[in-house]
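1. What follows is a predicted protein model with its sequence.
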Amino acid sequence: MEATPPLQQPTAHGKRSGAARRKLRKERQALLDAQFANLEIDPEKGWKLPPELVYYMMHISAPPGDTLFQSDAAREYRRFLSRLSLVCSAWREEARRMIWTCAVLKTDHAIRSFLSGGEKVRLTRQLVFGRGEQEKGAPISAQLVKEVLAATENLEVLAIRSVNDLDPGTLATPNLKTLASPSLRHTVSFKSLPTQIPFHVPFRLQTLDFTSLVWTRKQFPTVVFVALLEATSTYAAVRLADQEDPLLSHHSSKSVMPHFSKSPSSLKALSFGSLPIDFHAPHAFAPFFRQLHQLLHLYMDFALSAILESLPHSLDTFTVIQPPIDGSFEFELSTLRKDTIALSRLRQWRFCSARVESDGAVTFLKECERRSIEVVWDAHEP
């Protein structure tokens, strides 16, 4: 009978000796070291690591969802994916897919390059057009924006900034039906207003971010704004003001009077800021507020009784940026004592300021306490 090799030779008890086990471990470790040393992969032979592990490494290195575009973490992540794409063809395909999931296009040149890539447009799920408010540069072409959106598939997040003469029909492109969260900044102006009322959009939104500092008859896209607002189901952040004065508008309210439908809205939270006083908000927006049967959280720059009186459902929280300058709290007390439906089961009234010490504030706090409403003062709240 042939002798067992020394490495495999059992002891008298049927087990390998400690020296044999140590030698075996060293040989196995040497084999693993050799395998990892060979990870400079030949592009023709593919990877040594399992594909599932590679994809997992790619995904866990991604920055948090709220920093996908402009953060340092996002830029470092894109550089990391670019390096991975050089390893082999299989890694290149997955890395490029992940790189173009989020695209930031700040110039016309970048947009043309993006369009020429073919597959880039189809891979993109989150898209930003234009420069940030603090960045300098010319506005981008509205026509190029329209061409990109017409070529996208399954786009979910869209931000449009720094675009002049945008065709409103760009937002009615049928293939935007998967859009869930658009953002239109005040640096966007529209070429013309749609003649069709109501103006229809093909998507149902979760969130909306709409900021306009242009409050004139020719430039404010009233019907587009109404369509976006009525298509939003969860949260809308709206800031409207005149370009010349952030609080007052001297334009006729008839020039931008919105026409809202009578369909109930499922909106849960609404931030409605910088509303021009001359816009006659109670008349213009009352039809919309009357349909907010599920609204729980309302955030405003200053409280308007007519808007609160339009709500058909009680709020859970009501947030105002600043308390009354004179500290009288006359409006707040009057609104509470009217037993307005919107405040009937209010849990919390928040002010984005330091606590006010005045006789009016004391009376207001007592009235809230009597109604089991918590008053919160938070100077750090945005």
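-> Noted; the coordinates are in hand.
2. can you give me the helices in the stretch 101-250 of the chain?
-> For the stretch 101-250 of the chain, the helices defined by DSSP state H, counting those that start in this stretch occupy 108-116, 119-123, 142-151, 222-230.
3. Show me what the shortest one is in contact with.
-> Taking CB atoms under 8 Å, 6 or more residues apart in numbering as the criterion, the residues outside helix 119-123 that touch it are 96-97, 100-101, 103, 114-115, 148, 151-153. All C-beta atoms are positioned from the backbone trio N, CA, C, and that covers glycine.
4. hmm, which of those are the buried ones?
-> Of all the contacts of helix 119-123 considered here, the ones buried according to neighbour count by 16 or more other CB atoms under 10 Å are 96-97, 100-101, 103, 114, 148, 151-152.
5. just to revisit the earlier point, out of the contacts of helix 119-123, the closest to residue 312 would be?
-> residue 152 (37.6 Å; CB to CB).
6. What distance do you get for the most centrally placed residue in the chain to residue 149?
-> Against the mean C-alpha coordinate of the chain, by CA atoms, centre = their mean, the closest residue is residue 181 at 5.9 Å. Distance check for residue 181 against residue 149: by CB to CB, to the nearest Å, it reads 15 Å.
7. cool, residue 158 as well?
-> When distances are taken as CB to CB, residue 158 and residue 149 turn out to be 8 Å apart.
8. overlap in contacts of the two?
-> residue 176.
9. Surely the residue nearest to the centre of the chain touches residue 206?
-> Yes: the criterion here is CB atoms under 8 Å, and residue 181 meets it with residue 206 at 5.8 Å.
10. before we move on, back to that, Serialize the helices of the stretch 101-250 of the chain to TSV and add fields for mean pLDDT.
-> What follows is these, written out as TSV (pLDDT from 0 to 100):
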stretch	mean pLDDT
helix 108-116	91
helix 119-123	81
helix 142-151	93
helix 222-230	88
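11. Of those, flag the one that's most buried.
-> Counting by mean count of other CB atoms under 10 Å, helix 222-230 has the highest mean neighbour count of the helices of the stretch 101-250 of the chain, with a mean of 20.
12. Show me what the residue nearest to residue 145 when sequence neighbours are not counted bridges to in the sheet.
-> Nearest non-adjacent residue to residue 145, counting by CB to CB, 6 or more residues apart in numbering: residue 129, 5.4 Å away. Beta bridges link residue 129 to residue 105, residue 160, judged by DSSP bridges.
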